[in-house]
Structures are given as C-alpha cells and as structure tokens.
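S.K.: Structure of the sequence below:
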Amino acid sequence: MDKHQIKQIELGIASGVDVTIYAKPEFDWEQMHEIRCGLEEGLDVSIYAKPEFDWEQMRQILLGLERGIDVNIYAKPCIKWMEMYDIRERLLRERRNERTANKAN
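M.R.: Numbering: from 1, shown residues only. So this is what the prediction gives:
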C-alpha cells in the first residue's frame, strides 16, 4: 500500500469506522476515500465498495445515497460516471417535480 492509502486507513481509524471494508490493496486511495466518506456518514457502502467501480462512479453512488434516491438504477460498473451523474440528476428532478405536484393537490 502507498502512503495515500495508508492515510485513508488512518483517517478511518481516527473517525471510528470499520476500515476492514476498504483497507484492501485492490482499492486505490481515491476509492478508499469515497468508501470512508460513506462510512463516516453512516451509509450502507456495500453497494459501491467494490473494486470494479472507479472513484468517480463511487462518488455518484455516494451522492445518490446521501440524497436518498434509489441508486440501484445506476450502480452498475458498466455505466460510466458521467452517465451516472445524468441519471442521478434526472432522478432528483423527478422527485422534486413529484413533490411539487403533490403540494399543488
């Protein structure tokens, strides 16, 4: 492991998260960072704590989890991060529109 990976593990230990989820050589430090952030927020990172996702894909899944949307729709390694971004934004817009329509009724 390199110094950046070790730093993410140290940060996780300091914040009290279960670093065994990401303290693996198959994750680079950026992936470790995204997993650590999700753990620190108390989110279920199991959907994206997989080496087949790059850190940018992990970020889009994390952002969706933070907003409470169904990330299963786009949490697939074959979907590039920019497409994940577009899907996440569309889902958020749809939810906002739905809430606006419900308030109008």
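S.K.: Any figure for the gap between L91 and A23?
M.R.: Distance of L91 to A23, given as Cβ to Cβ, to the nearest Å: 32 Å. C-beta coordinates here come from the backbone N, C-alpha and C atoms, glycine included.
S.K.: go on, G12?
M.R.: Using Cβ to Cβ, we find G12 at a distance of 8 Å from A23.
S.K.: and if you look at L63?
M.R.: For L63 relative to A23 (Cβ to Cβ), the value is 23 Å.
S.K.: any low-confidence regions in this protein?
M.R.: Residues of the chain meeting the criterion pLDDT under 70: 105.
S.K.: in it, which spans are helices?
M.R.: Counting by DSSP state H, the chain has helices at residues 3-15, 29-40, 55-67, 81-104.
S.K.: Can you mark which positions in the last one are buried?
M.R.: Under the neighbour-count criterion of 16 or more other Cβ atoms under 10 Å, helix 81-104 has W81, M84, Y85, I87, R88, L91 buried.
S.K.: what packs against it?
M.R.: Judged by 3 or more Cβ pairs under 8 Å, 6 or more residues apart in numbering; DSSP states H and E, helix 81-104 is in contact with helix 55-67.
S.K.: Off-centre distance for the helix it packs on?
M.R.: How far helix 55-67 lies from its chain's middle: 3 Å, per Cα atoms, centre = their mean, to the nearest Å.
S.K.: And for the residue lying closest to L11 once chain neighbours are set aside, the neighbour number?
M.R.: Leaving aside its chain neighbours, L11 sits nearest to R36 (6.2 Å; criterion: Cβ to Cβ, 6 or more residues apart in numbering). When neighbours are counted by other Cβ atoms under 10 Å, R36 registers 23.
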